[in-house]
Structures are given as structure tokens and as C-alpha cells.
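Asks: this one's structure only:
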């Protein structure tokens, strides 16, 4: 850890602003402070009245200056490199490697999605929960399932009432946690409203809405419908490796310039609409197109069109690529488990809140009907998953590291699970637990 004048300077330095003049200033201050400590002088560097240091002390001092200068140059280079690459500062990159996924939203700029001016409290109901749930060939207590899958928050609604609520130590009903890709399903609901309002169509070409992305090639054939069903073919790999963060989705997650990122990634790996392949960039492009046609940032759209009508009790935060920038549409909506549950209840109720139709019935039908192209060998429709098994009526928003908004319309069950479980999150087994809960009571 740096201490003294240099340490204070390094700590306070703005990323990408390490200049030679400021380095010299810091070094001079450090050396002056070091000599003053030995001689009792507080005057300017190498004050003539100060005793001359010994040859050995002079050598050590020069060595210290050289080492410190080298370190500062390396720090400056690191900050400069991340700025050039449109990445967060080195300290943020290091912190991202060690902070749990559920809290990483705190490290990025965000747009506030205000709580509803008319919050709708969730009632409670006394409905029994199953004592055990199936897990990998055996029956285990629900509490063991939650612990095994590193759950932070777990909320179960039945017909709009809370029948079970659990939080790990240090997490409460007011704790905001990252949605990760659950945000994709929220973007879908906003897209459905825009389509119903005539602001966009599924057969619109992306480049007709974002003309700056036109290439004159096959990329220009990508439609809004292709993006919704993950069948665009845009070549941005789904890389979640935190130790290799400069490619694919990991790079898109880190970039401080999403417009530049999508402009630089306009090649295809298959013809648009020919097959399905999960790509977070598809949702990012959807979000950018939606913001363009509505003239409104995604966070403001969410606040006005969904967050307020569902009666969300708490503010949410939608992470941006940089301060004042645009939303990471493919991820990173930070909210409480209870407010995520309200999103699920909105879908379970056919897009209605009370007497108000918030999401068009046609869009609820759209997300409830799997598209022709399966994604990762699962059913998929307009950014919502249709897990195999069961009666085929349930659907879910899913985020990496174990985030879920599960909806089972026949039983009126909504389950929110927010976790720090890892990229291989036992989704098939988790859905069997959810189905067991939905059938209980």
C-alpha cells in the first residue's frame, strides 16, 4: 500500500490523468518529506542549509526515487490503457474479480428507477411449503437447498400474496441485488409495450432503427424479432470468465462505451433467423433500439411504464456503461427480491395490475409461446425461458449466478431466487424444486 505524499496522490489521482508534472511533484514532495524527517528541515527540496546526505544515503535515495518512479509510470500506464480500451479503472477491475456477483452493481454508474409513488404492499397468506424438495436424486430440506445453491433472497408468492420469504444473514427485504440476465426479460416487457404502441415492429430491421450500424452486408438483415428470440447470429460470445474479461460478453459488461462496442461487433456466425444461439448482445441491441424509437432511456421507461404501475416499494438502479451513459440492457438491474416478485406477478396476472392492462395480452401470449428455435436445448420466447419438463405452462427469467423470476400461471405461483451460485447453476434441478413448491398447498 502506498503511504505518505505519494500514496495520497496515487489514491486521489483521476484515472488516465497521470502526467509527468504531477509525478515529479509527488516525487519531490516525498523526497523533501524524507529528508526533512532526517534533518529536521521543512524547507524546499535540498535546502542549502540542510546537512548533505552521505554517499550511501544518496544512493538509497536515488534508488527509492527510481523504484517509485517506475511504479508510478506503471500505474499511469494501467490507468491510461484502461481509458484507451474503454474499460473501468484498474482498482475497479480488481474489485470485480473478488466481489460477489450480487453486489457488483455498486461498482458501476447507474440510473435510478424511482419507487412507485403509489406502492402496493404485498399481502401475506398461510400456505404450507413442502418440508423437502427434490435435489439430484434425493430429497433434502428446503433450507439445505437454499444453502447449497448460495441463495441470498428467496420469495414465494401465491395468487399475489407472500407465502414464504427467506434471506441469508446480511440481506433483508430492502437489499438491492443484481438481476444479471433477468433484466433481459424486463426489456422484453418494455419492447412489447412499444410494439403495441406502434413504435416498432418485430419485422423492423435493426439498422432501420439504428442506421449508424448499417454495413451493407448480412448484418443489415437482422430484425427485432431475430434479436428477441436470440437468432440474430451476431458474433459476440457468451464469455463469463472473470480471468479473461476482455472478450465477448465479459468485455461488453466492462466497456464504458456500449455504442462503440456494438459498432465494433457487426460480424455474424450464422444467417439471421436461421437458428438460435444465446447472445447477450442481442438484448443490448434491443435496448438501444427501444431507447432510440421512444426517445427515452430504458431506466426512465421502466420507471414510468412498469415500476410505478406495479407499485414497486423501493428504488431500483440500472447500471450504465458510464456516468450519464446508456443502460446495460442485457443485465444489471439492481432491485429487491420483493420488487422482482412484482414483475413476476405482473406476468402471472396476464399483464394486468388491478383493472389496468400494463403489458398487452398479445405480448403475454408471445412470451408464453416458445419460438421455433430452441436456445441451449431449452424453449425460449422473446427473452423468456421455457424450461423442459412440467406441463409446459411455466416460464422464467434467468440470470447467471442463480437469479430467477419463475412464473407458473396455472397455480398462481411466482418464485424469486437471487444467488451467488456460479455460472453452472443447476437450472434443471432448480426448476424441479420450483415446480414442487408450485404444486404444494
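Replies: Thanks, I have it. Quantities reported herein were computed from a predicted structural model and do not represent experimental measurements.
Asks: use CA for all of it now, contacts and neighbours both
Replies: OK.
Asks: can you tell me how far residue 337 sits from residue 355?
Replies: Plainly put, residue 337 is 24 Å away from residue 355 if you go by CA to CA, to the nearest Å.
Asks: So those two - more neighbours on which side?
Replies: Neighbour tally, residue 337 and residue 355, criterion other CA atoms under 10 Å: the higher count belongs to residue 337, 29 against 6.
Asks: Please state the offset of the helix or strand harbouring residue 189 from the chain centre?
Replies: Element membership for residue 189, per DSSP states H and E: helix 182-196. Distance of helix 182-196 from the chain centroid (CA atoms, centre = their mean, to the nearest Å) equals 16 Å.
Asks: Give the other helices and strands that the helix or strand following that helix contacts.
Replies: Scanning forward in sequence from helix 182-196 by DSSP H and E, the next helix or strand is helix 206-209. Where contact means 3 or more CA pairs under 8 Å, 6 or more residues apart in numbering; DSSP states H and E, helix 206-209 is packed against helix 280-294.
Asks: can you list contacts of the helix it packs on?
Replies: By CA atoms under 8 Å, 6 or more residues apart in numbering, the residues outside helix 280-294 that reach it are 184, 187, 191, 194, 199-200, 206, 209-210, 224, 227-228, 230, 232, 234, 236, 238, 249, 252, 262, 297-298, 327-330.
Asks: from the residues you listed, which would you call buried?
Replies: If you count burial by 16 or more other CA atoms under 10 Å, the buried members of the contacts of helix 280-294 come out as 184, 187, 191, 194, 200, 206, 209, 224, 227-228, 230, 232, 234, 236, 238, 249, 252, 262, 297-298, 327-330.
Asks: Those in helices, which ones?
Replies: Per DSSP state H, helices hold the following members of the buried ones among the contacts of helix 280-294: 184, 187, 191, 194, 206, 209, 224, 227-228, 249, 252, 262, 298.
Asks: For residue 296, the count of nearby residues, please.
Replies: 12.
Asks: hmm, I was thinking of residue 271
Replies: Around residue 271 there are 15 residues (other CA under 10 Å).
Asks: Which residue is the nearest non-sequential neighbour of it?
Replies: residue 233 (6.2 Å; CA to CA, 6 or more residues apart in numbering).
Asks: wait, the one you found sits on residue 269?
Replies: Yes: Residue 233 is in contact with residue 269 according to CA atoms under 8 Å; the separation is 5.2 Å.
Asks: still on that earlier bit, tell me the one of the ones in helices among the buried ones among the contacts of helix 280-294 nearest residue 343?
Replies: residue 187 (11.6 Å; CA to CA).
Asks: Would you quantify the distance from the closest one to residue 195?
Replies: Counting by CA to CA, the gap from residue 187 to residue 195 is 12 Å.
Asks: What of residue 94?
Replies: From residue 94 to residue 195 the distance is 41 Å (CA to CA).
Asks: if you count what's nearby, which of the two comes out ahead?
Replies: Neighbour totals were compared for residue 94 and residue 195, and residue 195 leads with 15 against 11 (other CA under 10 Å).
Asks: got the contact list for residue 128?
Replies: Applying CA under 8 Å, 6+ apart, the residues contacting residue 128 are 163, 440, 441.
Asks: A helix includes it, no?
Replies: No: going by DSSP: H, G, I helix; E, B strand; the rest coil, the assignment for residue 128 is coil, not a helix.
Asks: Would you mind measuring from it to residue 164?
Replies: Residue 128 is 9 Å from residue 164, by CA to CA.
Asks: was I right about residue 375 contacting residue 277?
Replies: Yes: counting by CA under 8 Å, residue 277 is a contact partner of residue 375 at 5.7 Å.
Asks: Now stretch 169-189: buried residues?
Replies: 173, 175-189.
Asks: Return the mean pLDDT over that stretch, rounded to an integer.
Replies: Stretch 169-189 comes out with an average pLDDT of 98.
Asks: Span of it from start to end?
Replies: 33 Å.
Asks: May I see the buried residues of the helix or strand hosting residue 434?
Replies: Assigned by DSSP H and E, residue 434 belongs to helix 427-439. By 16+ other CA under 10 Å, the buried positions in helix 427-439 come out as 430, 431, 432, 433, 434, 435, 436, 437, 438.
Asks: Show the average pLDDT along it.
Replies: Helix 427-439 comes out at a mean pLDDT of 97.
Asks: Packing partners of that helix?
Replies: strand 132-135.
Asks: one more time with 10 Å
Replies: strand 132-135, helix 142-148, strand 151-158, strand 395-399, strand 403-408, strand 413-419 (3 or more CA pairs under 10 Å, 6 or more residues apart in numbering; DSSP states H and E).
Asks: Tell me which of these lies nearest to residue 318.
Replies: It is, among the helices and strands packed on helix 427-439 and with distance given as CA to CA, strand 395-399, at 14.9 Å.
Asks: hey, where'd the helices end up in the stretch 251-400 of the chain?
Replies: Per DSSP state H, counting those that start in this stretch, the stretch 251-400 of the chain carries helices over the ranges 258-264, 280-294, 298-302, 337-348, 361-368.
Asks: would you list those in JSON lines and tack on distance to residue 147 and mean pLDDT?
Replies: Formatted as JSON lines, the helices of the stretch 251-400 of the chain follow (distance: least, CA to CA, whole Å; pLDDT from 0 to 100):
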{"stretch": "helix 258-264", "distance to residue 147": "36", "mean pLDDT": "98"}
{"stretch": "helix 280-294", "distance to residue 147": "29", "mean pLDDT": "98"}
{"stretch": "helix 298-302", "distance to residue 147": "32", "mean pLDDT": "98"}
{"stretch": "helix 337-348", "distance to residue 147": "17", "mean pLDDT": "98"}
{"stretch": "helix 361-368", "distance to residue 147": "31", "mean pLDDT": "98"}
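Asks: now those as a markdown table including distance to residue 418?
Replies: Formatted as a markdown table, those follow (distance: least, CA to CA, whole Å):
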| stretch | distance to residue 418 |
| --- | --- |
| helix 258-264 | 26 |
| helix 280-294 | 20 |
| helix 298-302 | 20 |
| helix 337-348 | 7 |
| helix 361-368 | 22 |
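Asks: for the residue nearest to residue 271, what are its contacts?
Replies: The contact partners of residue 233, by CA atoms under 10 Å, 6 or more residues apart in numbering, come to 218-219, 222, 226-227, 266-279, 281-282.
Asks: wait, isn't residue 327 in contact with residue 297?
Replies: Yes: the pair residue 327 and residue 297 qualifies as a contact (CA atoms under 10 Å) at a distance of 7.4 Å.
Asks: Is the closest residue to residue 155 other than its chain neighbours in a helix, a strand, or coil?
Replies: Spatial nearest neighbour of residue 155, excluding adjacent residues (CA to CA, 6+ apart): residue 165 at 4.5 Å. Look at residue 165: counting by three-state DSSP, its state is strand.
Asks: I am finished for the moment; much appreciated.
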